[in-house]
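Asks: Quick one: sequence and predicted model below, then my questions.
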Amino acid sequence: MDTVTDPTRHRILTGDRPTGRLHLGHYFGTLQNRVRLQDIGVELYVVIADYQVLTDRDVADDLTGHVEELVLDYLAAGVDPARATIFTHSAVPALNQLLLPFLSLVSVAELGRNPTVKDEIAHSRQSAVSGLMFTYPVHQAADILFCKADLVPVGQDQLPHLELTRTIARRFNDRYGAGVFPEPRALLSKAPLLLGTDGTKMSKSRGNAITLAAGADETARLIKRAKTDTERHIMYDPDGRPEVSSLLLLAALCLDRTPAQVADSIGAAGSAALKKVVTEAVNEYLAPIRARRAEYARDRAHLRTVLREGNERARAVADTTLAEVRAAMNNNY
Ligand code: TRP
(Lines give C-alpha, C1' and ligand atoms only; values in the text may rest on other atoms or scores of the structure.)
Protein backbone atom coordinates (compact mmCIF):
# COMPACT_ATOMS: atom_id res chain seq x y z
CA MET A 1 0.00 0.00 0.00
CA ASP A 2 1.31 3.45 -0.91
CA THR A 3 2.03 5.74 1.95
CA VAL A 4 -0.22 8.68 2.62
CA THR A 5 1.93 11.56 3.81
CA ASP A 6 -0.60 14.15 4.95
CA PRO A 7 -3.75 12.24 5.93
CA THR A 8 -5.96 15.28 6.43
CA ARG A 9 -5.58 16.30 2.78
CA HIS A 10 -7.21 13.17 1.45
CA ARG A 11 -10.65 11.76 1.05
CA ILE A 12 -11.05 8.08 0.47
CA LEU A 13 -13.97 6.29 -1.06
CA THR A 14 -14.24 2.56 -1.30
CA GLY A 15 -16.99 0.00 -1.07
CA ASP A 16 -18.39 -3.47 -1.35
CA ARG A 17 -21.29 -5.23 -2.95
CA PRO A 18 -23.71 -6.51 -0.33
CA THR A 19 -23.57 -10.18 -1.24
CA GLY A 20 -22.84 -11.75 2.13
CA ARG A 21 -20.48 -11.68 5.04
CA LEU A 22 -16.92 -10.50 4.66
CA HIS A 23 -14.11 -12.99 5.14
CA LEU A 24 -10.43 -12.99 6.04
CA GLY A 25 -9.47 -12.24 2.43
CA HIS A 26 -11.46 -9.00 2.63
CA TYR A 27 -10.15 -8.24 6.06
CA PHE A 28 -6.45 -8.50 5.25
CA GLY A 29 -6.95 -7.27 1.69
CA THR A 30 -8.79 -4.06 2.41
CA LEU A 31 -10.78 -3.69 5.65
CA GLN A 32 -7.73 -3.49 7.87
CA ASN A 33 -6.26 -0.82 5.62
CA ARG A 34 -9.39 1.28 5.57
CA VAL A 35 -9.42 1.33 9.33
CA ARG A 36 -5.72 2.18 9.45
CA LEU A 37 -6.26 5.13 7.10
CA GLN A 38 -9.31 6.28 9.04
CA ASP A 39 -7.32 6.12 12.25
CA ILE A 40 -4.53 8.33 10.91
CA GLY A 41 -7.11 10.96 10.01
CA VAL A 42 -8.11 10.37 6.39
CA GLU A 43 -11.76 11.08 5.68
CA LEU A 44 -13.38 7.76 4.79
CA TYR A 45 -16.50 7.07 2.71
CA VAL A 46 -17.73 3.50 2.32
CA VAL A 47 -20.41 2.72 -0.24
CA ILE A 48 -22.54 -0.37 0.13
CA ALA A 49 -23.14 -0.94 -3.55
CA ASP A 50 -26.75 -2.08 -3.47
CA TYR A 51 -27.40 -1.13 -7.09
CA GLN A 52 -24.20 -2.69 -8.39
CA VAL A 53 -25.14 -5.96 -6.79
CA LEU A 54 -27.86 -6.26 -9.44
CA THR A 55 -25.27 -6.74 -12.18
CA ASP A 56 -24.74 -10.40 -11.54
CA ARG A 57 -27.91 -11.78 -10.09
CA ASP A 58 -31.48 -11.80 -11.26
CA VAL A 59 -33.00 -11.16 -7.86
CA ALA A 60 -31.49 -9.25 -5.02
CA ASP A 61 -32.56 -11.72 -2.39
CA ASP A 62 -32.35 -10.68 1.25
CA LEU A 63 -30.69 -7.41 0.34
CA THR A 64 -31.56 -5.82 3.69
CA GLY A 65 -29.94 -8.73 5.51
CA HIS A 66 -26.79 -8.52 3.39
CA VAL A 67 -26.55 -4.76 3.88
CA GLU A 68 -26.85 -5.15 7.65
CA GLU A 69 -24.23 -7.90 7.69
CA LEU A 70 -21.83 -5.62 5.86
CA VAL A 71 -22.40 -2.79 8.32
CA LEU A 72 -21.75 -5.25 11.14
CA ASP A 73 -18.49 -6.36 9.55
CA TYR A 74 -17.40 -2.75 9.10
CA LEU A 75 -18.17 -1.78 12.67
CA ALA A 76 -16.56 -4.92 14.05
CA ALA A 77 -13.40 -4.27 12.02
CA GLY A 78 -13.17 -0.76 13.44
CA VAL A 79 -14.82 1.54 10.92
CA ASP A 80 -16.06 4.35 13.14
CA PRO A 81 -19.36 5.88 11.99
CA ALA A 82 -18.63 9.03 13.95
CA ARG A 83 -15.76 9.70 11.54
CA ALA A 84 -16.56 7.59 8.48
CA THR A 85 -19.61 7.79 6.21
CA ILE A 86 -21.23 4.44 5.45
CA PHE A 87 -24.04 4.69 2.89
CA THR A 88 -25.99 2.81 0.22
CA HIS A 89 -26.44 3.73 -3.44
CA SER A 90 -30.18 3.57 -3.36
CA ALA A 91 -30.47 6.23 -0.66
CA VAL A 92 -28.51 8.92 -2.51
CA PRO A 93 -30.49 10.17 -5.53
CA ALA A 94 -28.03 12.90 -6.55
CA LEU A 95 -25.19 10.37 -6.77
CA ASN A 96 -27.28 8.27 -9.13
CA GLN A 97 -28.17 11.30 -11.23
CA LEU A 98 -24.49 11.86 -12.01
CA LEU A 99 -24.65 8.63 -13.97
CA LEU A 100 -26.45 10.36 -16.88
CA PRO A 101 -23.95 13.10 -17.72
CA PHE A 102 -21.13 10.63 -17.05
CA LEU A 103 -22.61 8.12 -19.51
CA SER A 104 -22.49 10.81 -22.18
CA LEU A 105 -18.72 11.06 -21.73
CA VAL A 106 -17.84 7.46 -22.60
CA SER A 107 -18.30 5.43 -25.75
CA VAL A 108 -20.03 2.08 -26.03
CA ALA A 109 -16.75 0.69 -27.41
CA GLU A 110 -14.89 1.78 -24.29
CA LEU A 111 -17.46 0.14 -22.06
CA GLY A 112 -17.23 -3.08 -24.07
CA ARG A 113 -13.45 -3.25 -23.66
CA ASN A 114 -13.43 -3.26 -19.83
CA PRO A 115 -11.61 -6.48 -18.91
CA THR A 116 -13.21 -6.80 -15.46
CA VAL A 117 -16.69 -6.49 -16.96
CA LYS A 118 -15.80 -9.03 -19.65
CA ASP A 119 -14.65 -11.45 -16.99
CA GLU A 120 -17.78 -10.92 -14.94
CA ILE A 121 -19.96 -11.51 -17.98
CA ALA A 122 -18.11 -14.78 -18.59
CA HIS A 123 -18.88 -15.90 -15.03
CA SER A 124 -22.31 -14.32 -14.68
CA ARG A 125 -25.25 -16.31 -13.42
CA GLN A 126 -27.69 -14.07 -15.24
CA SER A 127 -29.39 -15.55 -18.25
CA ALA A 128 -28.76 -12.40 -20.30
CA VAL A 129 -26.26 -9.59 -19.91
CA SER A 130 -28.05 -6.54 -18.53
CA GLY A 131 -27.43 -2.92 -19.49
CA LEU A 132 -26.32 -2.34 -15.93
CA MET A 133 -23.51 -4.86 -16.38
CA PHE A 134 -21.99 -2.70 -19.13
CA THR A 135 -22.58 0.59 -17.39
CA TYR A 136 -21.90 -0.10 -13.72
CA PRO A 137 -18.27 1.06 -14.00
CA VAL A 138 -19.66 4.49 -14.94
CA HIS A 139 -21.91 4.31 -11.90
CA GLN A 140 -18.84 3.43 -9.88
CA ALA A 141 -17.25 6.63 -11.20
CA ALA A 142 -20.25 8.46 -9.74
CA ASP A 143 -19.63 6.69 -6.39
CA ILE A 144 -16.11 8.00 -6.36
CA LEU A 145 -16.64 11.46 -7.83
CA PHE A 146 -19.80 12.53 -5.99
CA CYS A 147 -17.69 13.09 -2.89
CA LYS A 148 -14.58 14.11 -4.86
CA ALA A 149 -12.53 11.33 -3.37
CA ASP A 150 -8.90 11.46 -4.42
CA LEU A 151 -7.84 8.04 -3.18
CA VAL A 152 -9.55 4.73 -3.84
CA PRO A 153 -8.17 1.63 -2.10
CA VAL A 154 -8.91 -1.28 -4.40
CA GLY A 155 -7.64 -4.59 -5.62
CA GLN A 156 -6.15 -5.20 -9.04
CA ASP A 157 -9.50 -6.14 -10.63
CA GLN A 158 -10.89 -2.66 -9.98
CA LEU A 159 -8.13 -0.80 -11.82
CA PRO A 160 -10.05 -0.60 -15.14
CA HIS A 161 -12.94 1.06 -13.27
CA LEU A 162 -10.59 3.53 -11.68
CA GLU A 163 -9.00 4.36 -15.03
CA LEU A 164 -12.50 5.00 -16.40
CA THR A 165 -13.26 7.24 -13.42
CA ARG A 166 -10.15 9.28 -14.18
CA THR A 167 -11.16 9.52 -17.84
CA ILE A 168 -14.65 10.71 -16.91
CA ALA A 169 -13.29 13.30 -14.46
CA ARG A 170 -10.86 14.58 -17.10
CA ARG A 171 -13.44 14.72 -19.88
CA PHE A 172 -15.99 16.41 -17.65
CA ASN A 173 -13.47 19.05 -16.62
CA ASP A 174 -12.36 19.57 -20.25
CA ARG A 175 -15.88 19.91 -21.55
CA TYR A 176 -17.67 21.79 -18.79
CA GLY A 177 -15.14 23.60 -16.69
CA ALA A 178 -11.82 22.93 -15.12
CA GLY A 179 -11.50 21.72 -11.61
CA VAL A 180 -14.95 20.31 -10.89
CA PHE A 181 -13.61 16.80 -10.31
CA PRO A 182 -10.27 15.51 -9.07
CA GLU A 183 -8.65 12.62 -10.91
CA PRO A 184 -8.56 10.03 -8.16
CA ARG A 185 -5.78 7.52 -7.86
CA ALA A 186 -5.87 3.92 -6.80
CA LEU A 187 -4.29 2.84 -3.56
CA LEU A 188 -3.44 -0.63 -4.66
CA SER A 189 -3.50 -2.86 -1.64
CA LYS A 190 -0.83 -5.53 -1.60
CA ALA A 191 -3.74 -7.84 -0.92
CA PRO A 192 -2.14 -11.07 0.16
CA LEU A 193 -3.63 -13.81 -1.94
CA LEU A 194 -5.37 -15.92 0.64
CA LEU A 195 -6.61 -19.24 -0.62
CA GLY A 196 -9.84 -20.73 0.59
CA THR A 197 -10.02 -24.04 2.41
CA ASP A 198 -10.29 -25.90 -0.92
CA GLY A 199 -7.07 -24.38 -2.28
CA THR A 200 -8.75 -21.97 -4.70
CA LYS A 201 -9.09 -18.21 -4.16
CA MET A 202 -11.03 -17.39 -0.98
CA SER A 203 -14.44 -16.23 -2.12
CA LYS A 204 -17.92 -15.80 -0.72
CA SER A 205 -19.49 -17.63 -3.61
CA ARG A 206 -17.23 -20.71 -3.40
CA GLY A 207 -18.10 -21.59 0.17
CA ASN A 208 -14.41 -21.89 1.06
CA ALA A 209 -14.06 -18.77 3.16
CA ILE A 210 -13.53 -18.09 6.85
CA THR A 211 -15.85 -15.21 7.62
CA LEU A 212 -15.30 -12.64 10.34
CA ALA A 213 -18.61 -13.74 11.79
CA ALA A 214 -17.75 -17.45 11.99
CA GLY A 215 -17.44 -18.90 15.48
CA ALA A 216 -14.19 -20.33 16.87
CA ASP A 217 -15.44 -23.92 16.47
CA GLU A 218 -16.59 -23.37 12.91
CA THR A 219 -13.20 -21.81 12.14
CA ALA A 220 -11.42 -24.85 13.61
CA ARG A 221 -13.59 -27.17 11.53
CA LEU A 222 -12.95 -25.20 8.33
CA ILE A 223 -9.19 -25.13 8.86
CA LYS A 224 -9.13 -28.82 9.74
CA ARG A 225 -10.74 -29.57 6.36
CA ALA A 226 -8.36 -27.27 4.50
CA LYS A 227 -6.42 -28.78 1.65
CA THR A 228 -2.69 -29.27 2.30
CA ASP A 229 -0.09 -31.75 1.03
CA THR A 230 1.62 -34.83 2.41
CA GLU A 231 5.10 -33.37 2.87
CA ARG A 232 5.78 -33.35 6.62
CA HIS A 233 8.32 -30.57 6.64
CA ILE A 234 6.42 -27.27 6.62
CA MET A 235 8.02 -24.64 4.39
CA TYR A 236 6.89 -21.36 2.87
CA ASP A 237 6.92 -21.95 -0.88
CA PRO A 238 3.96 -20.16 -2.51
CA ASP A 239 4.67 -21.54 -5.98
CA GLY A 240 5.52 -25.12 -5.11
CA ARG A 241 3.17 -25.57 -2.13
CA PRO A 242 0.39 -23.00 -2.48
CA GLU A 243 -2.05 -24.47 0.07
CA VAL A 244 0.48 -24.87 2.89
CA SER A 245 1.92 -21.44 2.09
CA SER A 246 -1.47 -19.76 2.20
CA LEU A 247 -2.09 -21.23 5.65
CA LEU A 248 1.33 -20.00 6.76
CA LEU A 249 0.56 -16.55 5.38
CA LEU A 250 -2.76 -16.45 7.21
CA ALA A 251 -1.12 -17.36 10.53
CA ALA A 252 1.66 -14.84 9.85
CA LEU A 253 -0.85 -12.02 9.23
CA CYS A 254 -2.62 -12.83 12.49
CA LEU A 255 0.62 -13.19 14.49
CA ASP A 256 2.41 -10.24 12.88
CA ARG A 257 5.32 -12.47 11.87
CA THR A 258 6.65 -13.62 8.51
CA PRO A 259 5.35 -16.84 6.93
CA ALA A 260 8.90 -18.24 7.05
CA GLN A 261 9.09 -17.64 10.81
CA VAL A 262 5.81 -19.46 11.31
CA ALA A 263 7.07 -22.33 9.12
CA ASP A 264 10.27 -22.58 11.19
CA SER A 265 8.27 -22.83 14.39
CA ILE A 266 6.47 -25.88 12.97
CA GLY A 267 9.39 -27.56 11.25
CA ALA A 268 8.79 -31.24 10.54
CA ALA A 269 5.63 -31.52 12.63
CA GLY A 270 3.41 -31.75 9.53
CA SER A 271 0.03 -30.44 8.41
CA ALA A 272 -1.86 -31.24 11.59
CA ALA A 273 0.52 -29.08 13.62
CA LEU A 274 0.31 -26.33 11.00
CA LYS A 275 -3.48 -26.35 11.18
CA LYS A 276 -3.39 -26.14 14.95
CA VAL A 277 -1.13 -23.08 14.79
CA VAL A 278 -3.32 -21.44 12.15
CA THR A 279 -6.54 -22.13 14.02
CA GLU A 280 -5.20 -20.67 17.24
CA ALA A 281 -3.75 -17.65 15.48
CA VAL A 282 -6.96 -16.88 13.59
CA ASN A 283 -9.25 -17.42 16.54
CA GLU A 284 -7.11 -15.32 18.82
CA TYR A 285 -6.80 -12.52 16.28
CA LEU A 286 -10.50 -12.48 15.48
CA ALA A 287 -11.73 -12.85 19.06
CA PRO A 288 -12.09 -9.12 19.81
CA ILE A 289 -13.51 -8.45 16.33
CA ARG A 290 -16.05 -11.23 16.77
CA ALA A 291 -16.97 -10.04 20.25
CA ARG A 292 -17.63 -6.54 18.92
CA ARG A 293 -19.60 -7.97 16.03
CA ALA A 294 -21.82 -10.02 18.33
CA GLU A 295 -22.46 -6.98 20.46
CA TYR A 296 -23.41 -4.79 17.50
CA ALA A 297 -25.59 -7.59 16.15
CA ARG A 298 -27.77 -7.37 19.23
CA ASP A 299 -28.63 -3.75 18.47
CA ARG A 300 -30.36 -3.61 15.10
CA ALA A 301 -31.69 -0.13 15.84
CA HIS A 302 -28.12 1.12 16.09
CA LEU A 303 -27.29 -0.42 12.68
CA ARG A 304 -30.20 1.39 11.14
CA THR A 305 -29.08 4.64 12.77
CA VAL A 306 -25.57 4.21 11.36
CA LEU A 307 -27.02 3.78 7.89
CA ARG A 308 -29.54 6.58 8.24
CA GLU A 309 -26.90 9.04 9.37
CA GLY A 310 -24.40 7.89 6.74
CA ASN A 311 -27.03 8.21 4.03
CA GLU A 312 -27.93 11.71 5.22
CA ARG A 313 -24.30 12.82 5.11
CA ALA A 314 -23.80 11.27 1.67
CA ARG A 315 -26.99 12.95 0.38
CA ALA A 316 -25.81 16.38 1.52
CA VAL A 317 -22.44 15.92 -0.20
CA ALA A 318 -24.06 14.54 -3.37
CA ASP A 319 -26.55 17.43 -3.53
CA THR A 320 -23.72 19.94 -3.39
CA THR A 321 -21.76 18.17 -6.14
CA LEU A 322 -24.82 17.79 -8.35
CA ALA A 323 -25.56 21.51 -7.96
CA GLU A 324 -22.01 22.27 -9.14
CA VAL A 325 -22.38 19.86 -12.04
CA ARG A 326 -25.68 21.42 -13.09
CA ALA A 327 -24.16 24.87 -12.94
CA ALA A 328 -21.13 23.76 -14.97
CA MET A 329 -23.43 22.17 -17.55
CA ASN A 330 -25.68 25.23 -17.73
CA ASN A 331 -28.69 23.44 -16.34
CA ASN A 332 -29.77 26.65 -14.69
CA TYR A 333 -33.53 26.55 -14.84
N1 TRP B 1 -17.07 -2.77 -7.68
C2 TRP B 1 -16.58 -2.99 -6.34
C3 TRP B 1 -16.50 -4.50 -6.12
O4 TRP B 1 -17.08 -5.26 -6.84
C5 TRP B 1 -17.46 -2.38 -5.28
C6 TRP B 1 -17.55 -0.89 -5.43
C7 TRP B 1 -18.65 -0.20 -5.76
C8 TRP B 1 -16.49 0.04 -5.29
N9 TRP B 1 -18.39 1.14 -5.83
C10 TRP B 1 -17.07 1.32 -5.54
C11 TRP B 1 -15.14 -0.07 -4.97
C12 TRP B 1 -16.29 2.47 -5.53
C13 TRP B 1 -14.37 1.10 -4.93
C14 TRP B 1 -14.96 2.34 -5.21
O15 TRP B 1 -15.85 -4.92 -5.19
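Replies: Yes, it's here.

Asks: Around the ligand, which positions in the stretch 51-200 of the chain sit nearby?
Replies: By the rule CB under 6 Å from any ligand atom, the part of the stretch 51-200 of the chain lying against the ligand is Q52, Q140, D143, I144, V152, V154, Q158. All C-beta spots, glycine's among them, are computed from the backbone N, C-alpha and C.

Asks: The third one: which element?
Replies: D143 belongs to helix 131-145 when assigned by DSSP states H and E.

Asks: List the buried residues for that helix?
Replies: Within helix 131-145, the residues that qualify as buried are 133-145, counting by 16 or more other CB atoms under 10 Å.

Asks: do the same with stretch 33-49
Replies: Buried residues in stretch 33-49 (16+ other CB under 10 Å): 33-35, 37-38, 42-49.

Asks: Nearest to L274, out of these: which one, please.
Replies: Closest approach between the buried residues of stretch 33-49 and L274, by CB to CB: N33, at 26.8 Å.

Asks: didn't the closest one look like it was pressed against S189?
Replies: Yes. With contacts counted by CB atoms under 8 Å, N33 reaches S189, the gap being 5.6 Å.

Asks: quick one on the thing from earlier: would you list the buried residues of stretch 33-49 in JSON lines and tack on distance to G20 and secondary structure?
Replies: Shown next, in JSON lines, are those (distance: CB to CB, whole Å; DSSP: H, G, I helix; E, B strand; the rest coil):
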{"residue": "N33", "distance to G20": "21", "secondary structure": "helix"}
{"residue": "R34", "distance to G20": "19", "secondary structure": "helix"}
{"residue": "V35", "distance to G20": "20", "secondary structure": "helix"}
{"residue": "L37", "distance to G20": "24", "secondary structure": "helix"}
{"residue": "Q38", "distance to G20": "23", "secondary structure": "helix"}
{"residue": "V42", "distance to G20": "27", "secondary structure": "coil"}
{"residue": "E43", "distance to G20": "28", "secondary structure": "strand"}
{"residue": "L44", "distance to G20": "22", "secondary structure": "strand"}
{"residue": "Y45", "distance to G20": "22", "secondary structure": "strand"}
{"residue": "V46", "distance to G20": "17", "secondary structure": "strand"}
{"residue": "V47", "distance to G20": "17", "secondary structure": "strand"}
{"residue": "I48", "distance to G20": "12", "secondary structure": "strand"}
{"residue": "A49", "distance to G20": "13", "secondary structure": "coil"}
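
Asks: and the ligand, which of those residues reach it?
Replies: Near the ligand, by the rule CB under 6 Å from any ligand atom, you find V47, A49 out of those.

Asks: Tell me which of the buried residues of stretch 33-49 has the lowest pLDDT.
Replies: Confidence by pLDDT is poorest for N33 among the buried residues of stretch 33-49, given 90.

Asks: Kindly provide the distance from that one to N173.
Replies: 29 Å (CB to CB, to the nearest Å).

Asks: just T165 next, same as before
Replies: T165 is 13 Å from N173, by CB to CB.

Asks: out of the two, which sits in the more crowded spot?
Replies: T165 (28 against 16; other CB atoms under 10 Å).

Asks: Per-residue pLDDT of the more buried one, please?
Replies: So, for T165, pLDDT stands at 98.

Asks: buried set for the helix or strand hosting it?
Replies: Assigned by DSSP H and E, T165 falls within helix 159-176. Buried residues in helix 159-176, counted by 16+ other CB under 10 Å: P160, H161, L162, L164, T165, R166, I168, A169, F172, N173, Y176.

Asks: nearest residue to the third one other than its sequence neighbours?
Replies: Setting aside the residues directly before and after it, L162 is nearest to A186 in space (CB to CB, 6 or more residues apart in numbering), at 4.7 Å.

Asks: contacting residues around E243?
Replies: L195, G199, A226, K227, T228, D229 (CB atoms under 8 Å, 6 or more residues apart in numbering).

Asks: What strand or helix carries it?
Replies: Using DSSP H and E, E243 falls in helix 242-255.

Asks: Which residues does the helix or strand just after that helix contact?
Replies: Going down the chain from helix 242-255, the next helix or strand is helix 259-266, by DSSP H and E. Contacts to helix 259-266, defined as CB under 8 Å, 6+ apart, come from residues I234, M235, Y236, S245, L248, L249, A251, A252, L255, A273, L274, V277.

Asks: could the contacts of E243 be laid out in TSV, adding secondary structure?
Replies: TSV is the format used below for the contacts of E243 (DSSP: H, G, I helix; E, B strand; the rest coil):
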residue	secondary structure
L195	strand
G199	coil
A226	coil
K227	coil
T228	coil
D229	coil
